[in-house]
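Chemist: Coordinates for the following, if possible.
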Amino acid sequence: MFWRVTLSIAFAQLMNRRRQTLVSMLGVALGVGFFIATSSIMSGSEQDFVQRLVNNAPHITIKDEFRNPTTQPVFIAFRHGAISLVRTKPREYLRGIKNYSAKVEELSQRPGVIAEAALTGQVIVRFANKDVSASVAGIDPDKEKYLTQVESDMRQGSLERLRTTADGIVIGTGVTDKIGLKMDDLATVISPTGLVKRMKVVGVFHVGNLLLDTGQVYVLLKNAQVLLDKPFIANQIRIKIPNPDDAETFAAQLEARWGYRSESWQEVNRDILGLFVIRNAITYSIVSAIMVVAAFGIFNIISTVVMEKRRDIAIMMSMGFRARDIEAVFLIQGVLVGLLGMAIGWSIGYGLLELLSLVKFNVPGVTERQGFVLDRSFRPFAIGGIFALTAAIAAAWYPARKAAQVRPVDIIRGAA
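Modeler: Below is the predicted model:
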């Protein structure tokens, strides 16, 4: 019964100042709506970008190098001695991952793990007196289609044709545009060792990334070993695991066990992922500023009501209302404005998302996706609603406290 009376008083005071209440409510609603739209764009683009990173490359890459240089024996023998070693010459060793076949076999036996040995290097692709420099990857076609999205991005041919065609090569659309190389043409491939091979184009892919489309070609692992003059050698083990988020931990375990540098997709793209954190912080700061401005509207209307209703507050307290009851009346006003603003803001946000989904544009050379990538989950709506209610309650708290501190005797004496 008490809460019904308190609610009716709070509602009546808000309705008595409809214009100010409506303005405050719209301020909250616009803040929520624009937050939902902005957050959906930011979150959607981030999820899309991370998904592309995860799908277009292995989760973990083991390389034939070491993260830290080998400790010199003299420093091991005299660990705590004052020793200086100069004019050391690094030991030359045959590059490649030792016993890579056994390592791939062991990794492949783990549930959900796909592992592939690869050999990478630089080559020159020549056709019709035109050259293009490219990175060649010697792969296993059966596993590559699970490690990357190259197979699904094939415009012509397939990775499987690498097995059925002698000296086959798969190129990107950027290579075809640069030197005019087409499907089933014979390209001249020149390795750094001077070896020249004629290779037949058996596939053309387009992943939407200019660097990959122009600078990446694929051949069979055995053909790469011949081309680069590295027989029975692989310089990478490429791994995909069931949960991409566990890649960093899994890579650290592999590096600790085998010593070879193991890079997770998070480590390779740490700078880019760090930019997303900064971008999200800027977004939330801007939206928070909008909500603070809306909160000042709520603060203004409730403060005005408190000033105008001092006599009514005194009468209510003399009738038996306690200080916390008076405080509840004005807090309820802030909550009502926040809830109504949140509901209207959700509608505005949904409408903005529908409008943004109709916007079409194209970024040549980066992605084929036309339009915004939107996060359609409930998360932006929930965060926007929490922002609205928090701002509304915070704005109403101080005027409510001031109202609860009113002394009825002083008000009645002043009126007399």
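
Chemist: okay, CA-based contacts and neighbour counts for the rest of this
Modeler: Fine.

Chemist: mean confidence score for stretch 48-55?
Modeler: Averaging pLDDT along stretch 48-55 yields 76.

Chemist: so how many other residues sit close to the nearest residue to E327 once chain neighbours are set aside?
Modeler: The spatially closest residue to E327, leaving aside those adjacent along the chain, is A400, at 4.7 Å (C-alpha to C-alpha, 6 or more residues apart in numbering). A400 is flanked by 27 other residues according to other C-alpha atoms under 10 Å.

Chemist: list the contacts for Y284?
Modeler: Counting by C-alpha atoms under 8 Å, 6 or more residues apart in numbering, Y284 touches no other residue.

Chemist: Check it and give its pLDDT.
Modeler: Looking at Y284, its pLDDT is 76.

Chemist: Tell me how far the helix or strand harbouring it lies from the chain's centre.
Modeler: Using DSSP states H and E, Y284 sits within helix 270-308. The chain centre lies 23 Å from the centre of helix 270-308; the measure is C-alpha atoms, centre = their mean, to the nearest Å.

Chemist: again, but for stretch 341-354
Modeler: Distance, stretch centre to chain centre, for stretch 341-354: 24 Å (C-alpha atoms, centre = their mean).

Chemist: Please enumerate the strands of this structure.
Modeler: Using DSSP state E, the strands of the chain run over 60-63, 114-127, 130-139, 154-157, 168-172, 186-190, 196-205, 216-220, 236-240, 262-264.

Chemist: Can you lay out those strands as CSV showing mean neighbour count, distance to S84 and mean pLDDT?
Modeler: Output for these, formatted as CSV (neighbours: other C-alpha atoms under 10 Å; distance: least, C-alpha to C-alpha, whole Å; pLDDT from 0 to 100):
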stretch, mean neighbour count, distance to S84, mean pLDDT
strand 60-63, 24, 31, 92
strand 114-127, 22, 37, 92
strand 130-139, 20, 41, 92
strand 154-157, 17, 56, 90
strand 168-172, 27, 51, 93
strand 186-190, 20, 45, 92
strand 196-205, 22, 47, 92
strand 216-220, 24, 45, 93
strand 236-240, 24, 35, 93
strand 262-264, 25, 31, 91
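
Chemist: would JSON lines of these with distance to S39 be doable?
Modeler: Output for those, formatted as JSON lines (distance: least, C-alpha to C-alpha, whole Å):
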{"stretch": "strand 60-63", "distance to S39": "30"}
{"stretch": "strand 114-127", "distance to S39": "35"}
{"stretch": "strand 130-139", "distance to S39": "38"}
{"stretch": "strand 154-157", "distance to S39": "33"}
{"stretch": "strand 168-172", "distance to S39": "35"}
{"stretch": "strand 186-190", "distance to S39": "48"}
{"stretch": "strand 196-205", "distance to S39": "33"}
{"stretch": "strand 216-220", "distance to S39": "35"}
{"stretch": "strand 236-240", "distance to S39": "30"}
{"stretch": "strand 262-264", "distance to S39": "28"}
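
Chemist: So I114 versus L22, what's the distance?
Modeler: Here the criterion is C-alpha to C-alpha, to the nearest Å. By it, I114 lies 59 Å from L22.

Chemist: same question, N300
Modeler: When distance is defined by C-alpha to C-alpha, N300 is 13 Å away from L22.

Chemist: Same question for S158.
Modeler: From S158 to L22 the distance is 62 Å (C-alpha to C-alpha).

Chemist: between these two, which one's more packed in?
Modeler: Taking other C-alpha under 10 Å, S158 and L22 do not tie; S158 has more neighbours (19 against 16).

Chemist: Look up how far V219 lies from that one.
Modeler: Applying C-alpha to C-alpha, the value for S158 to V219 is 12 Å.
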